[in-house]
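In: The sequence and its predicted three-dimensional model are supplied below.
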Amino acid sequence: MAIDRFGRNINYLRISLTDRCNLRCVYCMPEDMTFRPRAELLQDDEVIRLVGLFAELGFHKFRLTGGEPTVRANVVDLVRRMAATPGVDKIAMTTNGLLLDRLAGPLAEAGLRRVNISIDTLDPDRFKKLTRWGKVEEVWAGIRAAEAAGLEIKLNAVIVRNYNDREDLVDLARLTLHQPWQVRFIEMMPFGDVADFQLAGVVGEDELRATIATHLGPLRPVNNGQLDGEASLYQLEGAPGTIGFISSVTHPFCASCNRARLTADGRLRLCLLREKEVDLLTPLRDGANDEAMQAIITDGIWWKPWGHGLAEDVIPLNRVMSEIGG
Ligand code: SAM
Ligand code: SF4
């Protein structure tokens, strides 16, 4: 079991499979982003070895992310190998959905159970503006393929002031009136070179809820306000779907945080909004045995931070979001 000094049981690992992406969302990375040389990234066998070590430490839930995880070569094979690792219970993925049209079926067959698909607007022009070149119809093809493959689906949207904070927000929330999906709105967080843009454009949960309620009617809390993972859930009157808010900026959920992150270059990132990381790649490549690797991991987890420092202007600068994975 991996426990931190605040008594939190950390058992959920989010693994960034690559820092590369087939989009350049304005709130995530600069347009001229440079990516790491592939040799600096965890190789397939290294990912699988680390998954086995984390699973032995009690981690049972794993989420694959990026950059864009579906652009990683061998992603289907990696999922299959992870699913066959003792202790691995649930494998999920966060994706922009562009490649799901052809990958959803093989990924589901390999052992993937859930996908969170990012879609920030239903409007083709504004989708292009937010992603710099994406086509929203390709995301829809991915959503349909994921449904056909039997994957459990959640939709994620980051809301950015003056981009998608009005009709796009309402149109996305309206989807829950017709579909049994969870549509989740994520408060934009500040990182690295993109921080000024992000801080200027963040829209807080209270404002998001008020805008939705004005246009679509009251939002009723689901689960007595208990968090579903990191999301607080609500429902519109008569809706089969639910609306979630992931509000790391205005309503941090540190007390219930059970996650750690593995970056594509093999660093254990202990909190999304803190720079603290532990290098796992170097000892792995230097031949550390399983016991030594697990001691490095559990020691790192012990020092997992509590709370972000945004109110004191402490912004994580060492990576942008695409290098951590969300
Ligand atoms: N490429 C995949 C995708 O877009 O779903 C996975 C990686 S992406 C970094 C993971 C999630 O982080 C996405 O839902 C994305 O919208 C969100 N995200 C990106 N930049 C963000 C930011 N600055 N603040 C909050 N969420 C962000
Ligand atoms: Fe790529 Fe996802 Fe970042 Fe958009 S949010 S640039 S799709 S990693």
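Out: Perfect, I can see it now. Ligands and ions are numbered 1, 2, ... in the order given.

In: how about the residues of the stretch 1-150 of the chain near ligand 1?
Out: 21, 27-28, 65-66, 68, 94-96, 118 (CB under 6 Å from any ligand atom). Using the backbone N, CA and C atoms, a C-beta is placed for each residue, glycine as well.

In: Does residue 92 belong to a helix, a strand or coil?
Out: Here residue 92 is recorded as strand under DSSP: H, G, I helix; E, B strand; the rest coil.

In: Please work out how many residues are found near residue 182.
Out: Residues near residue 182, counting by other CB atoms under 10 Å, number 21.

In: Okay, now the sheet partners of the lowest-mean-pLDDT helix or strand in the chain, with direction.
Out: Across the helices and strands of the chain, mean pLDDT, DSSP states H and E gives its lowest value to strand 227-228, namely a mean of 86. Looking at strand 227-228 with DSSP bridges, its partner strands are strand 231-236 (antiparallel).

In: And the average pLDDT for whatever helix or strand comes next after the strand it pairs with is what?
Out: Counting by DSSP states H and E, the next helix or strand C-terminal to strand 231-236 is strand 242-246. Strand 242-246 comes out with an average pLDDT of 97.

In: Ok, stretch 68-78 next?
Out: For stretch 68-78, mean pLDDT is 97.

In: what does stretch 149-162 give?
Out: Per-residue pLDDT values across stretch 149-162 average out to 97.

In: which residues in the stretch 151-300 of the chain form helices?
Out: 167-174, 195-201, 205-216, 281-285, 290-302 (DSSP state H, counting those that start in this stretch).

In: The residue in the stretch 201-326 of the chain positioned nearest to ligand 2 - nearest residue in space that isn't next to it in sequence?
Out: Going by CB to the nearest ligand atom, ligand 2 is nearest to residue 322 of the stretch 201-326 of the chain, at 4.1 Å. What sits nearest to residue 322 in space, not counting adjacent residues and going by CB to CB, 6 or more residues apart in numbering, is residue 29, at 4.4 Å.

In: Per-residue pLDDT of the residue lying closest to residue 173 once chain neighbours are set aside, please?
Out: Using CB to CB, 6+ apart and skipping the chain neighbours, the partner closest in space to residue 173 is residue 212 (4.6 Å). pLDDT recorded at residue 212 is 98.

In: Let me know whether residue 212 touches residue 239 as I believe.
Out: No. Residue 212 is beyond contact range of residue 239, at 11.3 Å (criterion: CB atoms under 8 Å).

In: looking at the helices of the stretch 151-300 of the chain, which is closest to ligand 1?
Out: helix 195-201 (5.2 Å).

In: Tell me which other helices or strands the closest one touches.
Out: Helix 195-201 sits against no helix or strand, with contacts defined as 3 or more CB pairs under 8 Å, 6 or more residues apart in numbering; DSSP states H and E.

In: Establish whether it and ligand 1 are in contact.
Out: Yes. Using CB under 6 Å from any ligand atom, helix 195-201 reaches ligand 1 at residue 198.

In: buried ones in that helix?
Out: Neighbour-count burial for helix 195-201 flags 195, 198, 201 (criterion: 16 or more other CB atoms under 10 Å).

In: ok, back up a step: would you enumerate the residues in contact with the residue nearest to residue 322?
Out: 21, 194, 320-322 (CB atoms under 8 Å, 6 or more residues apart in numbering).

In: per-residue confidence for the residue in the chain positioned nearest to ligand 1?
Out: At 2.9 Å from ligand 1, residue 326 is the closest residue in the chain, using CB to the nearest ligand atom. In this prediction, residue 326 carries a pLDDT score of 86.
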